[in-house]
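Trainee: Here is a sequence together with a model predicted from it:
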Amino acid sequence: MSFSVFINHTGSSAINFKSLPAQRRLTEALCHRDYGLSLTLPDDRLCPPVSLVVICFYFYLMPDTLEGSSAGNLMCRLNYILWLQDIVISTCGSNTIRGFDIGTGASAIYPLLACRLEPTWSFIATDIDDRSIQSAKQNIAQNSMEGRIVIEHMQADDAILQPLHTSQMDFDFVMCNPPFYSSTEDVSRSAEFKELGPNAICSGAEVEMITPGGETSFVARIFSESLQLRTKCRWYTSMLGKMSSIPDVVSLFREHNVDNYAITEFVQGQTRRWAIGWSFQDARLSDTIARISNPALQNIMPSRNTLHHSFPSARPANTLESVLRNVLAIVDGLLVTSTSATPESSSTTMLVRAQGNTWSRAARRKRLPAAVSADQEPPVLRCSIECCSKVDTPCEIIFTWLEGKDRSVFESFTSHVSRKVISTLRELGDE
Ligand SMILES: C[S@@+](CC[C@H](N)C(=O)[O-])C[C@H]1O[C@@H](n2cnc3c(N)ncnc32)[C@H](O)[C@@H]1O
């Protein structure tokens with residue numbers, strides 16, 4: 001890429017970031033250096049916005065030199081893959097992971113990066129653009145990934161999730177970086193266009209940036225197809241380029257009673273993106289994966305899956321823990337499958353599984369049998385329970401919902417156990 005490097009007024013070597021070929025060559029070089037990927041990025045298609053990150057990185061941190069770039073240069077793309085890794089680790093039992101990248105583009109950057117990082121992942125990747133398909137296939141071949149990434153050529157009016165409809169196999173996740181805009185006017189109104197100038201954003205083809213109705217309509221199509229496919233895929237996700245699109249998508253979830261969803265934010269330099277995910281399965285995500293603290297989005301965040309019940313008068317966690325164990329032991333049909341302790345943190349985690357709700361007042365009135373049968377039936381509730389005591393803070397029990405269809409079952413369980421713990425502590429004269 002030597003042709004893109006020039007000597008600036010201070011006498012140091014620098015890159016001309018206004019040159020699109022220079023951005024492409026730099027992206028190719030960084031992908032090669034940091035991820036061992038050999039990419040060829042065509043001049044008439046979008047360059048994965050590693051360039052935006054690199055521009056920020058070099059302008060603000062190392063304006064004069066190309067030396068010393070960190071391994072994090074593909075952050076914009078990498079952040080999405082890291083979020084998916086977290087989802088996969090916490091909700092997928094198997095090692096062999098199947099992903100589906102909608103609109104993979106000329107680089108096929110997501111499946112290539114993900115397969116490089118995760119040796120047991122494989123992908124189906126689609127696009128509707130001949131030129132991108134051709135280039136994506138070349139990039140996949142250049143990296144000898146043909147056995148793990150299969151490209152399917154779609155038409156604009158095909159079902160977006162067509163490969164899921166036809167595949168015999170189930171998928172672990174769907175991912176997508178959709179065209180964000182609804183028209184060329186929408187592109188020119190965008191903050192990024194204004195900030196970076198027309199060259200930075202208009203280097204790609206219309207098909208990459210514009211879709212009827214913009215990203216909200218695109219994701220709404222994916223959502224509506226997912227309503228038919230449901231558990232054929234564990235997690236449906238998409239990136240969003242505009243924060244204002246998130247409430248529209250969440251209102252679709254609410255309309256269709258989909259409460260198992262997640263919102264996250266990727267911030268890299270001046271570039272900000274969001275991703276949203278939803279699932280029809282019972283595995284629940286931790287709040288650190290499913291929620292963000294952005295104040296503008298609090299009223300549309302999914303409900304918390306971690307609930308803290310604190311016990312005002314401080315006491316050692318081991319007292320609380322032994323009371324908790326006794327309480328759990330007398331709840332019909334509970335299986336406390338494992339416990340683990342971390343010596344340095346003085347906290348203990350218990351994993352609890354309930355095949356039926358035996359603790360609610362209604363269940364106790366009806367004296368429902370404790371259905372502790374085998375693992376074949378999905379549990380009504382799986383959660384982890386941790387007792388915590390820290391200096392100067394009240395002891396607390398932290399319940400984390402791991403699996404279940406019905407939030408009210410989780411919440412009634414946490415209330416029941418907490419009430420019983422309080423009454424036992426009172427009997428012991430401890431509360
Ligand atoms: C913003 S680009 C993303 C490209 C690439 N995934 C990336 O992140 O660099 C959107 C891509 O979606 C493709 N696309 C648009 N409509 C599509 C559809 N109905 N099905 C599949 N791909 C589509 C476009 O051709 C384009 O390659």
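Mentor: Ah, there it is.
Trainee: For Ile385, list each beta-bridge partner.
Mentor: Met350, Phe399 (DSSP bridges).
Trainee: so it sits right up against Leu402, yeah?
Mentor: No - look at Ile385 against Leu402 with C-beta atoms under 8 Å: they stay out of range, at 10.6 Å. Heads up, the C-betas are built off the backbone N, CA and C, glycines and all.
Trainee: Can you name the element that comes right after the lowest-mean-pLDDT helix or strand in the chain?
Mentor: Every helix and strand of the chain was ranked by mean pLDDT, DSSP states H and E. The lowest is helix 50-56, at a mean of 44. As assigned by DSSP states H and E, the chain's next helix or strand after helix 50-56 is helix 75-91.
Trainee: Quick one: mean pLDDT for the helix or strand just after that next one?
Mentor: Per DSSP H and E, the first helix or strand lying C-terminal to helix 75-91 is strand 97-102. Across strand 97-102, pLDDT averages out at 98.
Trainee: Please name every helix or strand in contact with strand 97-102.
Mentor: Judged by 3 or more C-beta pairs under 8 Å, 6 or more residues apart in numbering; DSSP states H and E, strand 97-102 is in contact with helix 109-117, strand 121-127, strand 171-176.
Trainee: Tell me which residues are up against stretch 252-261.
Mentor: Stretch 252-261 has contacts (C-beta atoms under 8 Å, 6 or more residues apart in numbering) with 220, 223, 227, 250, 276-282, 284-285, 290, 302-303, 407.
Trainee: Averaged pLDDT, it. What do you get?
Mentor: 98.
Trainee: likewise stretch 15-30?
Mentor: For stretch 15-30, the per-residue pLDDT averages 79.
Trainee: Then stretch 77-88?
Mentor: 94.
Trainee: Identify all contacting residues around the helix or strand hosting Val219.
Mentor: Assigned by DSSP H and E, Val219 belongs to helix 214-229. Contacting residues not belonging to helix 214-229 are listed as 102, 159-161, 164-165, 174, 176, 178-182, 186, 211, 213, 233, 236, 238, 240-242, 245, 248-249, 252-253, 256, 276, 278, 280 [C-beta under 8 Å, 6+ apart].
Trainee: and that helix, does that touch the ligand?
Mentor: No - on the criterion C-beta under 6 Å from any ligand atom, helix 214-229 is out of touch with the ligand, staying 7.1 Å away.
Trainee: Quick one: name whatever helix or strand follows that helix.
Mentor: Defined by DSSP H and E, the subsequent element after helix 214-229 is strand 233-240.
Trainee: Roughly how far does the most centrally placed residue in the chain sit from Tyr236?
Mentor: By C-alpha atoms, centre = their mean, the chain has its centre lying nearest to Trp83, at 3.9 Å. Trp83 is 14 Å from Tyr236, where distance means C-beta to C-beta, to the nearest Å.
Trainee: so where is the stretch 301-431 of the chain shaky, pLDDT-wise?
Mentor: 313-315, 317, 338-347, 366-376, 391, 430-431 (pLDDT under 70).
Trainee: residues from it in reach of the ligand?
Mentor: By the rule C-beta under 6 Å from any ligand atom, no part of the stretch 301-431 of the chain lies against the ligand.
Trainee: so the residue nearest to Ala205 when sequence neighbours are not counted is in which element?
Mentor: Take Ala205 and drop its neighbours on the chain: the residue closest to it by C-beta to C-beta, 6 or more residues apart in numbering is Arg45, 6.1 Å away. Taking DSSP H and E as the definition, Arg45 sits outside all helices and strands.
Trainee: So this protein: which segments form each domain?
Mentor: According to the TED database, the chain comprises the domains 72-290, 306-361+378-428.
Trainee: Name all residues that make contact with the residue nearest to Ile81 when sequence neighbours are not counted.
Mentor: Nearest residue to Ile81 in three dimensions, chain neighbours excluded: Ala114, at 5.0 Å (C-beta to C-beta, 6+ apart). Shown in contact with Ala114 (C-beta under 8 Å, 6+ apart): Ile81, Leu84, Gly99, Trp121, Phe123.
Trainee: correct me, but the second one touches Ile97?
Mentor: No - the pair Leu84 / Ile97 is not scored as a contact, 9.1 Å apart, by C-beta under 8 Å.
Trainee: what number of residues lie near Ser183?
Mentor: 15 (other C-beta atoms under 10 Å).
Trainee: With Ser408 instead?
Mentor: Neighbours of Ser408 under the rule other C-beta under 10 Å: 10.
Trainee: For my notes, confirm it occurs in a strand.
Mentor: No - checked against DSSP: H, G, I helix; E, B strand; the rest coil, Ser408 lies outside a strand; its state is helix.
Trainee: what's near enough to touch Pro110?
Mentor: Quick fix: residue 110 reads Tyr, not Pro. Arg77, Tyr80, Ile81, Asp101, Thr104, Phe123, Ala125, Met175, Asn177.
Trainee: before we move on, what SS does the fifth one have?
Mentor: The one in question is Thr104. Here Thr104 is recorded as coil under three-state DSSP.
Trainee: which residues touch it?
Mentor: Tyr110, Pro111, Ala125, Thr126, Asp127, Ser132, Ala136, Ile151.
Trainee: How about it: what's its closest non-neighbour residue?
Mentor: Per C-beta to C-beta, 6+ apart, closest to Thr104 is Ala125, 3.7 Å.
Trainee: again with the fourth one
Mentor: Computed as C-beta to C-beta, 6+ apart, the closest residue to Asp101 that is not its neighbour in sequence is Ala125, at 4.2 Å.
Trainee: now the one you found: how far from the ligand?
Mentor: To the ligand, Ala125 is 8 Å away according to C-beta to the nearest ligand atom, to the nearest Å.
Trainee: how many other residues sit next to that residue?
Mentor: 25.
Trainee: Can you tell me how far it is from Val187?
Mentor: For Ala125, the distance to Val187 - C-beta to C-beta - is 25 Å.
Trainee: Am I right that Gln324 is in contact with Ile422?
Mentor: Quick fix: residue 324 is Leu, not Gln. No - between Leu324 and Ile422 there is no contact under C-beta under 8 Å: 11.2 Å.
Trainee: which of the two has more neighbours?
Mentor: Leu324 (23 against 16).
Trainee: Which strand or helix spans that one?
Mentor: helix 317-329.
Trainee: Output that helix as PDB - backbone C-alpha positions only.
Mentor: What follows is helix 317-329, C-alpha atoms only, in PDB (Å, rounded to 0.1, in the frame of the first residue of the first chain):
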ATOM      1  CA  ALA A 317     -23.200 -14.800  53.600                       C
ATOM      2  CA  ASN A 318     -22.700 -18.300  54.900                       C
ATOM      3  CA  THR A 319     -25.700 -17.800  57.400                       C
ATOM      4  CA  LEU A 320     -27.800 -16.600  54.600                       C
ATOM      5  CA  GLU A 321     -26.600 -19.400  52.400                       C
ATOM      6  CA  SER A 322     -27.400 -22.100  54.900                       C
ATOM      7  CA  VAL A 323     -30.900 -20.700  55.400                       C
ATOM      8  CA  LEU A 324     -31.400 -20.500  51.700                       C
ATOM      9  CA  ARG A 325     -30.400 -24.100  51.200                       C
ATOM     10  CA  ASN A 326     -32.900 -25.200  53.900                       C
ATOM     11  CA  VAL A 327     -35.600 -23.100  52.200                       C
ATOM     12  CA  LEU A 328     -34.800 -24.600  48.700                       C
ATOM     13  CA  ALA A 329     -34.800 -28.100  50.200                       C
END
